[in-house]
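need a 3D model of the sequence below.
(one chain, ligands or ions: 1)
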Amino acid sequence: MTMRLDYLSIFPGYFDVLDISLLGKAVDNGLVEVHAHDLRDWTHDRHRTVDDTPCGGGAGMVMKPDPWGEAFDGIIGIEPDPSVHVIFPTPSGIPFTQSAAQELSTVERVVFCCGRYEGIDHRVIDYARTMWTVHELSLGDYVLNGGEVAALAITEAVVRLIPGFMGNPESLAEESFSPGQERLLEYPLFTRPVSWRGMDVPEVLMSGHHGRIAEWRREESLLLTRDRRPDLTD
Ligand SMILES: Nc1ncccc1[N+](=O)[O-]
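Below is the predicted model of the structure:
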């Protein structure tokens, strides 16, 4: 299965980065197909206007609905299709989690709508909900200037879970937030040299005793999670 990813933005250049590293490899081996679109291509005035002042007053500008609607018609189509997943990255969205990434890694088509300014006219989201499966997702409680960086982060979290993407699927099993791992943070990792600037790799890891190593790692995960993310332990 090839996943098709579309990105709608007034800064489509943000998505050139998808041509490099693992994501580039996924594109090369046909696991994903990436299309970035400039929202201004669906404007008709000389200034290629995509925003206007907010109804009801208030600071900043709001993205007009018309370009989005025409872009949707051109990129996705005019027929409802719940198999298309449309993602609006927004600080007012549902927190994006590894389980959401897991679910999205199985869909065939994802369209990222990257808002700028103060946001997108709400009717765009309401319209999208009548047509496709819509996700308003937040990466965290902070404000970025637009949805592009969040769309890249969500893309990376999702694409790396597509079967066949990672060389060694084993490496996915033990990560933080992996299903079946309970919800524990990953234990500290070490590699050679065994001694580095006066600091040694914990002896247990060099013992070859797999039971004790597993026990040490679980204990470290529990301590770390309790200390940094007590919310995950309840
Ligand atoms: N935090 C955010 N700020 C702006 C746009 C999107 C965001 N987010 O978390 O997805």
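
can you tell me which residues in the chain are near the ligand?
Counting by CB under 6 Å from any ligand atom, the residues of the chain lying close to the ligand are 89-91, 93, 137-140, 142-144, 146-147, 150. Any C-beta I mention is one placed from the backbone N, CA and C, and that applies to glycine too.

these in helices, which ones?
For these, the ones inside helices are residue 150, with DSSP state H as the criterion.

quick one, which of the residues of the chain next to the ligand are buried?
Neighbour counting by 16 or more other CB atoms under 10 Å classes 89, 90, 93, 137, 138, 139, 144, 146, 147, 150 among the residues of the chain next to the ligand as buried.

the nearest residue to residue 17 once chain neighbours are set aside sits in which helix or strand?
Using CB to CB, 6 or more residues apart in numbering and skipping residues adjacent in sequence, the residue nearest residue 17 is residue 152, 6.8 Å away. Under the criterion of DSSP states H and E, residue 152 resides in helix 148-159.

helices or strands up against that helix?
Applying 3 or more CB pairs under 8 Å, 6 or more residues apart in numbering; DSSP states H and E, one finds that helix 148-159 contacts strand 3-9, helix 21-28, strand 84-95, helix 98-104, strand 109-113, strand 133-138.

buried set for stretch 121-136?
The neighbour-count criterion (16+ other CB under 10 Å) identifies 121, 124, 125, 127, 128, 131, 132, 133, 134, 135, 136 as the buried residues of stretch 121-136.

what do you get for stretch 203-223?
Neighbour counts over stretch 203-223 (16+ other CB under 10 Å) mark 205, 213, 216, 217, 220, 221 as buried.

swap in stretch 81-88?
Those would be 84, 85, 86, 87, 88, for stretch 81-88 by 16+ other CB under 10 Å.

roughly how far does residue 12 sit from the ligand?
16 Å (CB to the nearest ligand atom, to the nearest Å).

do the same with residue 65
Remark: distance between residue 65 and the ligand (CB to the nearest ligand atom) = 18 Å.

which ones are touching that residue?
Contact analysis of residue 65 by CB atoms under 8 Å, 6 or more residues apart in numbering lists 120, 121, 123, 124, 127.

give the contact list for the spatially closest residue to it that is not a sequence neighbour.
Excluding the flanking residues, the one nearest residue 65 by CB to CB, 6+ apart is residue 121, at 4.2 Å. Residues in contact with residue 121 (CB under 8 Å, 6+ apart) are 62, 63, 64, 65, 68.

kindly reformat the residues you listed as JSON lines containing pLDDT, secondary structure and distance to residue 189.
Below are the contacts of residue 121 laid out as JSON lines (pLDDT from 0 to 100; DSSP: H, G, I helix; E, B strand; the rest coil; distance: CB to CB, whole Å):
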{"residue": "62", "pLDDT": "98", "secondary structure": "strand", "distance to residue 189": "46"}
{"residue": "63", "pLDDT": "98", "secondary structure": "strand", "distance to residue 189": "43"}
{"residue": "64", "pLDDT": "98", "secondary structure": "coil", "distance to residue 189": "48"}
{"residue": "65", "pLDDT": "98", "secondary structure": "helix", "distance to residue 189": "48"}
{"residue": "68", "pLDDT": "98", "secondary structure": "helix", "distance to residue 189": "44"}
